[in-house]
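Colleague: Have a look at this fold, sequence not included:
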Ligand code: ADP
Ligand code: MG
């Protein structure tokens, strides 16, 4: 088993606030892992720290196929094969999806002609051809945006893909489509980390492993049964089982508060 991403004892703080607390995680190549956690558990911070966003005090290690990421500049992390979705150049209006992908691919040392061929093939596969010459800032629906992000991954062929809140704000048909797109990305050369707050996307895909993140670390890992526990009892059930106290500032919530962002199965 070759490991795509191996994170060991990762801690991070910003502005004096400790957010990651000794997080460890291993994602083999070829696998899709889900990280589930309540709001504020540090999921997005994990992405920021791995991609190299400035401002964090970081300790621990994070390797992509054996190469240490931490301490490297953002572009070198990308060249090692790390890709986080949601890299929209919102400050550059008028950039077309195709141009954006060509530029991102060139930064990763890919050949332009080969990139254009891949873009055409993958856009065709995902039914996204008509979006290639539209501006990234055009009014895409939530689902189209997420599909365009998955297209970017298919084209750029990272070794590790970080998908933060890939299913947020989508109606249930779009959640299903995104789940199918993530499944179709599976490759022996890729490890996917799919981060989400809601368990509903797990109805449409089967990650190889599910990790629960609370208070800046992975507190439990498992398979399907963990998704079922979350679906039935929310993070409260996992906290109770593991004897983790609920932060006193956080109001008590019912499972339905976590899982019914939009109505589904109706
Ligand atoms: P999640 O993505 O799981 O909802 P985040 O990683 O966004 O969680 O945030 C984790 C915690 O860190 C939250 O309590 C958040 O308020 C806090 N936090 C995030 N960024 C900062 C910052 N720049 N300064 C202080 N606290 C922060
Ligand atoms: Mg987040």
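Modeller: Nice, I can see it. Everything numeric in this text was worked out from a predicted model, so none of it was measured. Residues are numbered from 1 along each chain as shown. Ligands and ions are numbered 1, 2, ... in the order given.
Colleague: In the chain, what residue lies closest to ligand 2?
Modeller: In the chain, no residue comes nearer to ligand 2 than residue 44, which is 3.2 Å away by C-beta to the ion. Every residue, glycine included, has its C-beta placed from N, CA and C.
Colleague: Give the bridge partners for the nearest residue to that residue once chain neighbours are set aside, please.
Modeller: Excluding the flanking residues, the one nearest residue 44 by C-beta to C-beta, 6 or more residues apart in numbering is residue 164, at 5.7 Å. Counting by DSSP bridges, residue 164 is bridged to residue 195.
Colleague: ok, and residue 213, which helix or strand is that part of?
Modeller: Taking DSSP states H and E as the criterion, residue 213 maps to strand 209-214.
Colleague: tell me the angle of the next helix or strand after that strand relative to strand 209-214?
Modeller: As assigned by DSSP H and E, the chain's next helix or strand after strand 209-214 is strand 217-222. Here strand 217-222 runs at an angle of 150 degrees relative to strand 209-214 (axes from the mean of the first three to the mean of the last three C-alpha atoms, to 10 degrees).
Colleague: Would you give the sheet partners of strand 217-222, along with the direction of each?
Modeller: The strands beside strand 217-222 in its sheet (DSSP bridges) come out as strand 209-214 (antiparallel).
Colleague: Retrieve the pLDDT associated with the residue nearest to residue 44.
Modeller: Listed pLDDT for residue 164 reads 89.
Colleague: What is the neighbour count of it?
Modeller: By other C-beta atoms under 10 Å, 19 other residues sit near residue 164.
Colleague: just residue 243 next, same as before
Modeller: The number of residues packed near residue 243 is 6, by other C-beta under 10 Å.
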